[in-house]
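# structure of the sequence below:
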Amino acid sequence: MYREDYNRDERDFACYLDELEAIRWWHRNVAKGNNYWVQGWKKRRVYPDFLFAHERKGKTDRILVWETKGDQFEGNLDTTYKKKLLEAVSRHYLAEDAVKLGKLELVGRAGETVECELILMSEWKTAVETRLEGWK
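The predicted structure follows:
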């Protein structure tokens, strides 16, 4: 990736992930080609900004899929749609384990989990620390 592919907040977030020993790998997702996407009820696909893997106590990985938004976009139509999309997907996949709204957790064949969430840029550092707590 090139420096100009990131805004300042995304660059800070990527550098932070790069320095964490608990992160096995990370990927800056882009809205092009065959990258990771979620299809909602609107025509356009949602391409979350970052995917990263956190090793779960030496076992399988937990894959986190995050759509990040600058605080200035909180409450706008696009942010609201993406948040509602994640909430709808979460409600659809809720089973016996309770998962908070706006978050999706899927478990794969190898036991890896996938979690999707929309995070405001002012909250990313706290969100990373909170999500990784207890998984080291």
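# now do the strands in the protein.
Assigned by DSSP state E, the chain shows strands spanning 23-28, 38-39, 45-46, 50-55, 61-69, 103-107, 113-120.
# and the ones you listed, which one is worst for confidence?
Among those, strand 103-107 carries the lowest mean pLDDT, a mean of 54.
# where does this structure have low pLDDT?
1-3, 56-60, 89-114, 134-136 (pLDDT under 70).
# sorry, back to before: turn the strands of the chain into CSV, including mean neighbour count and distance to Asn7.
Heads up, the C-betas are built off the backbone N, CA and C, glycines and all. As requested, the strands of the chain are exported to CSV (neighbours: other CB atoms under 10 Å; distance: least, CB to CB, whole Å):
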stretch, mean neighbour count, distance to Asn7
strand 23-28, 16, 11
strand 38-39, 14, 21
strand 45-46, 16, 18
strand 50-55, 20, 13
strand 61-69, 21, 10
strand 103-107, 17, 24
strand 113-120, 19, 14
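# beta partners for Lys69?
Beta-bridge partners of Lys69, counted by DSSP bridges, are Leu120.
# ok, it - contacts?
Contact analysis of Lys69 by CB atoms under 8 Å, 6 or more residues apart in numbering lists 79, 82, 118-121.
# want to throw the residues you listed into CSV with distance to Leu17?
Below are the contacts of Lys69 laid out as CSV (distance: CB to CB, whole Å):
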residue, distance to Leu17
Thr79, 22
Lys82, 20
Leu118, 17
Ile119, 12
Leu120, 17
Met121, 14
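# with respect to Phe13, which of those residues is nearest?
Among the contacts of Lys69, Met121 lies closest to Phe13 (CB to CB), at 7.6 Å.
# quick one: that closest one and Trp66 touch, right?
No - Met121 lies out of contact with Trp66 (CB atoms under 8 Å); the separation is 10.7 Å.
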